[in-house]
Structure formats: structure tokens, C-alpha cells
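S.K.: using only what follows, build the 3D model:
(one chain, ligands or ions: 1)
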Amino acid sequence: MKKIGILTSGGDCSGMNAAIRAATRTALGHGVEVIGFRKGYAGLLKPDFLEMGTKEVAGILHRGGTFLQSARSEEFRTPLGREKAVRHLEEMGIGGLVIIGGDGSLNGALALHRMGVPVIGIPASIDNDIPFTDMALGVDTALNNILYAIDCIKDTASSHDRAFVIEVMGRNSGYLAATSAIASGAEYAIVPEVECDLADLCEQLRHRWEEGRSNAIIVLAEGAGKAQNIADTIKDVIGFETRVTVLGHYQRGGAPSVFDRLLGSRLGHAAVELLLAGQKGKMVGLCCNAIVPTLLETVVVSERRQQDDLHSLSLILGI
Ligand code: F6P
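M.R.: The predicted structure follows:
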């Protein structure tokens, strides 16, 4: 393999740059050329790319987002779009591809693999909904962002005797909500994986209120309900003054944490080593602190459901 390509696809996250840098420098160290495609699969279709040397990936490790930029490409979802992508790779003499992204991007990676392109995927999504990796890239940084925000909101909640419903991202995954609730000492977490008993929530808050604890933090996963509805219910049932904060895209940016810099570096390096060793159609993940490859076929048909335990813990500790 003389030349490889790298792209970041789907929602960006902190740590992607670390993975790009590590993959690039590992390949260059083996005398392999590196092409970076801009804006994910869209860059492959245009094609829109840059040749990556050591210098191109200097000074990006500490930056959030992805310097290659990212996108969700409709055209790439079509058979014609995928054929065009394969054709461009062949014309450019690219023998393998490192694809950094979430579940949609890994599905795209599998499609390319089935069309004969040697591909290694790197899990990157703050949702942490990708199986066969304990943590995806970007999750730790997002959690640190969320914790900073919740700590700030707790200060004002306690000054005013208010309950706050804080909405965090995660799409259909409650990982960010459950873990940030545990780590921030929130009173309650609401996640999509577990049906929320609003009566139970109000009962708990009433109990706290009667004990003289007159502020509360409820962390809501975006896929689990409407923050304003929950806040209104709390106000109607117990008269608690409530406010809503939607953290939004703030969660996805910012300088990557040490954990995400290390994870991105390890995954980026491993992805290229595997490609150059002739392995393909796999995703590299973090399993019990080792970097472990798993077939993309297995990854995309599996489901990750570890939120139930974390959610229970958040409720036990939130009393
Ligand atoms: O998948 C990552 C994620 O940040 C989700 O948590 C969120 O629902 C979605 O992307 C937001 O997508 P966009 O950036 O396209 O608005």
C-alpha cells in the first residue's frame, strides 16, 4: 500500500484531530503517502482533498472539531454515490481508507468495504452509542464540558431555590445524561432507554423540598422528552420554580481532554498499522484499555445498551 486516505464524517467531536494526526504520522513513518478528504464522504465524491505531510497535522492535537471538516452526505448514501467514491479512490491510487465517525459513518465504511475498499473505522461520537468500544472519541471531552456547565448552574440553582432541567445531547443514547448526572451529583437523570416515571420524579422532588433541600438538577437526554414539558410538570405538581437550560452544541467543541487526545492517538495509530498489515473491514475500539479490532459487520448489527446500570446508579445516588 503506497497511499492511504483519511476522512472524518458525521457530527464532529474533540479528539478527531488527534486521530488524524496519529494516522498521518504513522503512515508517513512507513513511507506511505496520506490524502486527507475534506468534509467527510462529500470530499471523496467531489473530490476535495489535500496531501498531508507532517507539517499539515502539526498544531492540531489540542484543537477541538476536525481540521478536515465533517459533513453528512446524502449522495454517498446512494449506490451511484458509492460507486463514484470507489472510482475516485481507484483513480487516485488510494489503497486504503481510515474513516473516523459515528454509527452512520461506520455504516458507510462497511459499504465501501463490501465494494472492495480496504477500510478501518475509528469510533467517534459524543453519543457513546457505538458497540465494541468502551468509549468513543469525544465522549470524555463532552462530559467535561457538561460537568462545567452543570456545576455553574448548581450555583445559581442553590442561590434561587430553583429546579433546573438541563438537556444534554446523545440522540437516542442516554450515556451522557446518566454519566453526567452521576458525576455532577444531579438529583435525577432521564434517558431514552428507560421509561421515565414523572410521578416518581415529582415525589422525590417533593420529599427533598419538605426536607428543606430546595434546589434540584434534572439531567435530561435529548432523546427522552421535552425539557420544557418536564419543567412545567414539576412546577404544576409541586410548585417548584423551574428553569430549562439546553446545552446544545457547546458540548461538542473545545480542547480535547487528555483522555481523548490519548484515545485519538492510539486509535489513529492502530488503524494505520492494521491497514498496512493487510487487515480490513474492521473498527478499532477501546476494550479494557487495549485497542481491539472488531469486524465492521459485527459492529453495525450490534446494539450498545449499558445505560440501564448507569441510569439506576444515578437514581440511587440522586436521592
Ligand atoms: O451524533 C452527535 C450529535 O451531537 C447528537 O448528540 C445530536 O443529536 C446531533 O449530533 C446533532 O446533529 P447536528 O450537529 O447535525 O445538529
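
S.K.: how many residues are close by residue 91?
M.R.: The number of residues packed near residue 91 is 9, by other Cβ atoms under 10 Å. Where you see a C-beta, it was placed from the backbone N, CA and C, and this is true even at glycine.

S.K.: switch to numbering from 42
M.R.: Understood, numbering begins at 42; the last thing we discussed is residue 132.

S.K.: tell me the confidence at it?
M.R.: You'll see residue 132 listed with a pLDDT of 98.

S.K.: give me phi/psi at it?
M.R.: Main-chain dihedrals, residue 132, degrees, to the nearest 10: phi -60, psi -30.

S.K.: contact partners for it?
M.R.: By Cβ atoms under 8 Å, 6 or more residues apart in numbering, residue 132 lies in contact with nothing.

S.K.: residues near whichever residue of the stretch 192-341 of the chain sits closest to the ligand, how many?
M.R.: Per Cβ to the nearest ligand atom, residue 210 is where the stretch 192-341 of the chain lies closest to the ligand, at 3.3 Å. Here the count is done by other Cβ under 10 Å, and residue 210 has 23 residues near it.

S.K.: so how far is the lengthiest helix in the chain from its chain's centroid?
M.R.: In the chain, taking DSSP state H as the definition, the longest helix is helix 180-201. Relative to its chain's centre, helix 180-201 lies at 19 Å (Cα atoms, centre = their mean, to the nearest Å).

S.K.: buried residues in that helix?
M.R.: 180-187, 190-191, 194-195, 198 (16 or more other Cβ atoms under 10 Å).

S.K.: for those, give me CSV that also has pLDDT and distance to residue 295.
M.R.: As requested, the buried residues of helix 180-201 are exported to CSV (pLDDT from 0 to 100; distance: Cβ to Cβ, whole Å):
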residue, pLDDT, distance to residue 295
180, 98, 13
181, 98, 11
182, 98, 6
183, 98, 9
184, 98, 11
185, 98, 8
186, 98, 6
187, 98, 11
190, 98, 11
191, 98, 15
194, 98, 17
195, 97, 20
198, 96, 23
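
S.K.: contacting residues around the closest residue to the ligand within the stretch 42-191 of the chain?
M.R.: Closest residue of the stretch 42-191 of the chain to the ligand, Cβ to the nearest ligand atom: residue 52 (3.5 Å). When contacts are counted by Cβ under 8 Å, 6+ apart, residue 52 touches 111, 143, 166-167, 293.

S.K.: so which of these is the most crowded?
M.R.: For the contacts of residue 52, the largest number of neighbours (other Cβ under 10 Å) sits with residue 167, at 30 neighbours.

S.K.: my read is that one is in a strand, agree?
M.R.: No: counting by DSSP: H, G, I helix; E, B strand; the rest coil, one finds residue 167 to be coil, located in no strand.

S.K.: how much space separates the nearest residue to it once chain neighbours are set aside from residue 292?
M.R.: Spatial nearest neighbour of residue 167, chain neighbours left out: residue 183 (3.9 Å); criterion: Cβ to Cβ, 6 or more residues apart in numbering. Computed as Cβ to Cβ, to the nearest Å, the residue 183 to residue 292 distance reads 5 Å.

S.K.: what sits in contact with each of the two?
M.R.: 167, 210, 217.

S.K.: is the ligand contacted by stretch 228-243?
M.R.: No: counting by Cβ under 6 Å from any ligand atom, no contacts exist between stretch 228-243 and the ligand, the nearest distance being 11.3 Å.

S.K.: what lies in contact with that stretch?
M.R.: 211, 213-215, 218-219, 221-223, 245-246, 249, 257-262, 264-266, 271, 274-275, 278-279, 346, 348-349, 352, 355-356, 359-360.

S.K.: where's that stretch relative to the chain centroid, distance-wise?
M.R.: 23 Å.

S.K.: for that stretch, what is the average pLDDT?
M.R.: 94.

S.K.: in it, what counts as buried?
M.R.: Residues of stretch 228-243 classed as buried by neighbour count (16+ other Cβ under 10 Å): 228-235, 237, 242-243.

S.K.: can you pull the alpha-carbon coordinates of stretch 197-210 into CSV?
M.R.: Coordinates of each C-alpha in stretch 197-210 appear next as CSV, following Å, rounded to 0.1, in the frame of the first residue of the first chain:
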residue,chain,number,x,y,z
THR,A,197,-27.4,29.7,40.6
ALA,A,198,-30.0,27.0,41.4
SER,A,199,-29.0,27.0,45.0
SER,A,200,-29.0,30.8,45.2
HIS,A,201,-32.6,30.9,44.0
ASP,A,202,-34.2,27.7,45.3
ARG,A,203,-34.9,26.5,41.8
ALA,A,204,-35.1,23.2,39.9
PHE,A,205,-33.3,23.1,36.6
VAL,A,206,-33.9,20.7,33.8
ILE,A,207,-30.7,20.5,31.8
GLU,A,208,-30.9,19.0,28.4
VAL,A,209,-27.8,17.2,27.1
MET,A,210,-27.1,15.7,23.6
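
S.K.: how far off centre is that stretch?
M.R.: 25 Å.
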